[in-house]
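Asker: one predicted model, sequence on top.
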Amino acid sequence: IDVRTLSRDLGIPVVAASARSKEGIPELLKTVHQMATGSVWPSKKTVLHTPDKTGRAID
C-alpha cells in the first residue's frame, strides 16, 4: 500500500501496521498520540472516492 499517497489523498495520517508481526506498531501509537493531543490535524478537504485512485494507492 502506498501510504504516502493514501495519506495525501485522504488528508489524514495513514500508518502501515501489522498486528501479527508487530511491524509499524510504534509508528501507529505515535500517530494516535499526535492526533489525540492535537499536535497533528487532518487537512480539511473533501474526499471523492474514485476506484482508479484507490486502486493505484493499493498497488
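Answerer: Great, that's in hand.

Asker: name the residues that touch stretch 14-26?
Answerer: With contact meaning CB atoms under 8 Å, 6 or more residues apart in numbering, stretch 14-26 is reached by 1, 3-4, 6-7, 27-28, 31. Every C-beta, even on glycine, is put in place using the N, C-alpha and C of the backbone.

Asker: nearest to the spatial middle of the protein, which residue is it?
Answerer: Val14 (1.1 Å; CA atoms, centre = their mean).

Asker: from Val15, how far out is the closest residue to that one other than its chain neighbours?
Answerer: Closest residue to Val14 apart from its sequence neighbours, by CB to CB, 6 or more residues apart in numbering: Ser7 at 4.0 Å. Distance, Ser7 to Val15, using CB to CB, to the nearest Å: 9 Å.

Asker: re earlier: pull out the buried members of the contacts of stretch 14-26.
Answerer: 6-7, 28, 31 (16 or more other CB atoms under 10 Å).

Asker: keep only those of those residues that are in helices.
Answerer: The helices, defined by DSSP state H, take in 6-7, 28, 31 from the buried ones among the contacts of stretch 14-26.

Asker: of all these, which two lie farthest apart?
Answerer: Leu6 and Leu28 (14.5 Å; CB to CB).

Asker: pLDDT of the strand or helix carrying Gln34, averaged?
Answerer: Using DSSP states H and E, Gln34 sits within helix 25-37. Helix 25-37 carries an average pLDDT of 95.

Asker: shaky segments in the protein?
Answerer: 46-51, 53-59 (pLDDT under 70).

Asker: how about 80 then?
Answerer: Scanning the chain for pLDDT under 80 picks out 41-59.

Asker: count of neighbours near the closest residue to Lys45 other than its chain neighbours?
Answerer: Once flanking residues are discounted, Lys45 sits nearest to Gly11: 4.3 Å by CB to CB, 6+ apart. For Gly11, the neighbour count with other CB atoms under 10 Å is 13.
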